[in-house]
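*Asks:* Sharing a sequence plus its predicted fold:
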Amino acid sequence: MVKPLRVLILEDAADDAELLVRALKNGGYEPEYRIVDTADALVGALDEAPWDVIISDYSMPNFTGAEALEMVKRRGQDVPFIFVSGTIGEDTAVEAMRAGAKDYLVKGNTKRLLPAIDRELREAAKRREAAQAEATMREIEDQLRQAQKMEAVGQLTGGLAHDFRNMLGVIIGNLDLLRERIGHDAEACELVDNALRASVKGSDLNNSLLAFSRKQPLNPQPLDIGQALADTVKLLTTTLGENIEIALDVAKPIGEVVVDRAQLEAAILNLAINARDAMPSGGRLAFSVRQAGLDEGYARRNKDVRPGPHIEIAVNDTGVGMSPDVAARAFEPFFTTKGRDKGTGLGLSMVYGFIKQSGGHVEIASIEGRGTTVRLFLPASQARATASDARPPVAAAIGGDEHVLVVEDNADLRRLAVRQIRDLGYQVAEAPNGPAALQILRAAGRIDLLFTDIMMPGGLDGPALAREAVKLRPGLKVLFTSGFAGDHGDDDFPILQKPYRKPELAAILRAVLDGTES
């Protein structure tokens, strides 16, 4: 079988060069070759295309083989370099080998040429494979380090967000109570309303942290992703301004994904706003949706990916782009290249967390001066959506006269909950932990509903307490609360996420007690 070979010949004698070419053809090669005999011609040939092997005379009128070898080495090109010369002596040959030549042969005796070329081609292939394996390993290690860093940051932000939720719960709850008590004092009402608005905004920022740490409440449902994106893009046409051209391309067919539509729309909006800010003088923002099969190889290169059919949403802008260092940090919370008053740095981190929490994958590609593309991969729908974590609808603050046991280890939150529930007309008992709550439940007295935090110290968390409580008092109603948005407690009982407003608490208490909570 004829073997193709790209060979660069450094030779000033045309007859000698022809002998080399004939030897290669006789040895089963089909050489594509170029003959050069000056330094400039060598540079041009090296720039022209990659070569499989370089065969060089040692002494030439215009430059030497040693100089040629040094030129190749300086360029960092891994090309086997073989000397074929009639003047090279043993000492010179040894020095040439030390300098990087792979072999040396005497002109007129080319028997060793073909075995030398075969050997060096095999060795070069091994070096390329090793270099590719090493590059792949470095890429995987870099991805692993980045994933570990993002996971660590996510755990930190998730913990901070939980503590902040408790603080916001105390602030918002007390402001609600204060608002009810100040009556018709307009100035005081305005002050309280301003504080409430700021607190609720803080809660929204906190939800962005929870999104990044993948602990936000989601309401995943089967969704026609193409139609949903088309609806969102329609809204963007009036939001982004006339100097932004918007394009949408939805490939057919596009199946469903199971995803929280509101959070997906928020993610697309965040990406669109980022794109707009990257195009201050206007530009083009293109959205596309297509089917994408992420295979085992892709999954090996991206440790968080589950191989299989996905739906890809690509968002491409023609903005200023990002440097590699900036792109590598783009999804970190609070990282932003905008001015101090132009963003929180949480938009992309929210997108990252939401996609990860939805079982998907996100990647970003950017070139300075040429724009950015963000690709969101969501698993194609193969199962029905999971149970909703959405909050109950807020109804009027209707109370009652039943007896409620409040269990909360945070003293400020416990006092607040007791006061709110008491204001609604209920009779209230309280306990700082599970064991204390069980003592109350074992004692005589009426308890209609157990309102308990999920995460509590003392070896008895909310779900365990609920199981024991129902054994002690069959028919007891249970309502969970938690500052960890990922908590579900027990699927048999509903949950109210912190921080909550008094009307929310009133509505869900009444629904649970009446048995109308779905």
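*Replies:* Nice, I can see it.

*Asks:* looking at the protein, which helix or strand is least sure?
*Replies:* When the helices and strands of the chain are scored by mean pLDDT, DSSP states H and E, helix 186-212 comes last with a mean of 70.

*Asks:* what element comes up after that helix heading to the C-terminus?
*Replies:* Remark: after helix 186-212, the chain's next helix or strand is strand 221-224, criterion DSSP states H and E.

*Asks:* tell me what that following strand is packed against?
*Replies:* The helices and strands touching strand 221-224, judged by 3 or more C-beta pairs under 8 Å, 6 or more residues apart in numbering; DSSP states H and E, are strand 256-259, helix 261-277. In short, each C-beta sits where N, CA and C put it, glycine included.

*Asks:* Tell me the helices and strands packed up against the longest one.
*Replies:* Translated: helix 261-277. Helices and strands touching helix 261-277, by 3+ C-beta pairs under 8 Å, 6+ apart, are strand 221-224, helix 225-239, strand 283-294, strand 308-317, helix 347-357, strand 371-379.

*Asks:* what are the C-alpha coordinates of that helix, in PDB please?
*Replies:* Only the C-alpha atoms of helix 261-277 are listed here, as PDB (Å, rounded to 0.1, in the frame of the first residue of the first chain):
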ATOM      1  CA  ARG A 261     -40.500  28.400  33.200                       C
ATOM      2  CA  ALA A 262     -40.200  31.500  35.300                       C
ATOM      3  CA  GLN A 263     -36.600  30.800  36.200                       C
ATOM      4  CA  LEU A 264     -35.700  30.000  32.600                       C
ATOM      5  CA  GLU A 265     -37.300  33.300  31.500                       C
ATOM      6  CA  ALA A 266     -35.300  35.000  34.200                       C
ATOM      7  CA  ALA A 267     -32.100  33.300  33.000                       C
ATOM      8  CA  ILE A 268     -32.700  34.400  29.300                       C
ATOM      9  CA  LEU A 269     -33.500  38.000  30.500                       C
ATOM     10  CA  ASN A 270     -30.200  38.000  32.500                       C
ATOM     11  CA  LEU A 271     -28.200  36.900  29.400                       C
ATOM     12  CA  ALA A 272     -30.000  39.400  27.200                       C
ATOM     13  CA  ILE A 273     -29.300  42.300  29.600                       C
ATOM     14  CA  ASN A 274     -25.600  41.300  29.800                       C
ATOM     15  CA  ALA A 275     -25.500  41.200  26.000                       C
ATOM     16  CA  ARG A 276     -27.100  44.600  25.700                       C
ATOM     17  CA  ASP A 277     -24.500  46.100  28.100                       C
END
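
*Asks:* Buried residues, it. List them.
*Replies:* Buried residues in helix 261-277, counted by 16 or more other C-beta atoms under 10 Å: 261, 263-264, 266-272, 274-277.

*Asks:* re earlier: quick one, which of the helices and strands packed on helix 261-277 gets closest to residue 69.
*Replies:* Ranking the helices and strands packed on helix 261-277 by proximity to residue 69 (C-beta to C-beta) places strand 371-379 first, at 43.0 Å.

*Asks:* Who are the contact partners of residue 188?
*Replies:* residue 182 (C-beta atoms under 8 Å, 6 or more residues apart in numbering).

*Asks:* just the one 4 residues further on next, same as before
*Replies:* If you count contacts by C-beta under 8 Å, 6+ apart, residue 192 has them with 175, 178-179, 182.

*Asks:* Touching, residue 107 and residue 17? I think so.
*Replies:* No. The criterion here is C-beta atoms under 8 Å, and residue 107 misses it with residue 17 at 11.0 Å.

*Asks:* which one of these two has more residues nearby?
*Replies:* The neighbour comparison of residue 107 against residue 17 (other C-beta atoms under 10 Å) goes to residue 17, with 20 against 17.

*Asks:* Can you tell me how far the more buried one is from residue 365?
*Replies:* According to C-beta to C-beta, to the nearest Å, residue 17 stands 46 Å off from residue 365.

*Asks:* same question, residue 59
*Replies:* Residue 59 is 50 Å from residue 365, by C-beta to C-beta.

*Asks:* and residue 364, what are its bridge partners?
*Replies:* Taking DSSP bridges as the rule, residue 364 bridges to residue 374.

*Asks:* Isn't it up against residue 372?
*Replies:* Yes. Using C-beta under 8 Å, residue 364 is in contact with residue 372, at 6.8 Å.

*Asks:* Which neighbours do the two have in common?
*Replies:* Common neighbours of residue 364 and residue 372, counting by C-beta under 8 Å, 6+ apart, are residue 327.

*Asks:* okay, those two: which has more neighbours?
*Replies:* Regarding residue 364 and residue 372, a neighbour count based on other C-beta under 10 Å identifies residue 372 as having more, with 23 against 17.

*Asks:* quick one: secondary structure of residue 7?
*Replies:* Following DSSP: H, G, I helix; E, B strand; the rest coil, the label given to residue 7 is strand.

*Asks:* My guess is it contacts residue 56. True?
*Replies:* No. When contacts are counted by C-beta under 8 Å, residue 7 is not listed as touching residue 56 (10.9 Å).

*Asks:* More neighbours: which of the two?
*Replies:* Per other C-beta under 10 Å, whichever of residue 7 and residue 56 has more neighbours is residue 56, with 25 against 20.

*Asks:* can you tell me how far the residue nearest to the more buried one when sequence neighbours are not counted sits from residue 32?
*Replies:* What sits nearest to residue 56 in space, not counting adjacent residues and going by C-beta to C-beta, 6 or more residues apart in numbering, is residue 10, at 3.8 Å. Counting by C-beta to C-beta, the gap from residue 10 to residue 32 is 16 Å.

*Asks:* Between those two, which is the more surrounded one?
*Replies:* With neighbours defined as other C-beta under 10 Å, residue 10 and residue 32 compare such that residue 10 has more, 28 against 12.

*Asks:* Looking at strand pairing, list the partners for that one.
*Replies:* With DSSP bridges as the rule, residue 10 is bridged to residue 36, residue 56.

*Asks:* who's in contact with it?
*Replies:* Counting by C-beta under 8 Å, 6+ apart, residue 10 makes contact with 35-37, 42, 54-57, 60, 65, 68.

*Asks:* Flag the shaky bits of this protein, pLDDT-wise.
*Replies:* Low-confidence segments of the chain (pLDDT under 70): 1, 87-88, 108, 140-165, 201-219, 238, 333-347, 382-397, 484-491, 518.

*Asks:* Show me how the record splits it into domains.
*Replies:* 3-111, 141-212, 221-379, 403-514 (automatic domain parsing).

*Asks:* For residue 134, find the nearest of those.
*Replies:* With C-beta to C-beta as the yardstick, what comes closest out of the domains of the chain is domain 141-212 (10.3 Å).

*Asks:* rewinding a little: okay if I get the contacts of residue 10 as TSV plus distance to residue 119?
*Replies:* Converted to TSV, those look like this (distance: C-beta to C-beta, whole Å):
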residue	distance to residue 119
35	23
36	24
37	26
42	24
54	15
55	14
56	17
57	21
60	26
65	20
68	21
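
*Asks:* Residue 223: which of these is nearest?
*Replies:* For those, the nearest to residue 223 is residue 54 (58.8 Å; C-beta to C-beta).

*Asks:* if we can go back for a sec, can you lay out the buried residues of helix 261-277 as a markdown table showing distance to residue 316?
*Replies:* Formatted as a markdown table, those follow (distance: C-beta to C-beta, whole Å):
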| residue | distance to residue 316 |
| --- | --- |
| 261 | 23 |
| 263 | 22 |
| 264 | 18 |
| 266 | 19 |
| 267 | 15 |
| 268 | 13 |
| 269 | 16 |
| 270 | 15 |
| 271 | 10 |
| 272 | 11 |
| 274 | 12 |
| 275 | 8 |
| 276 | 13 |
| 277 | 15 |
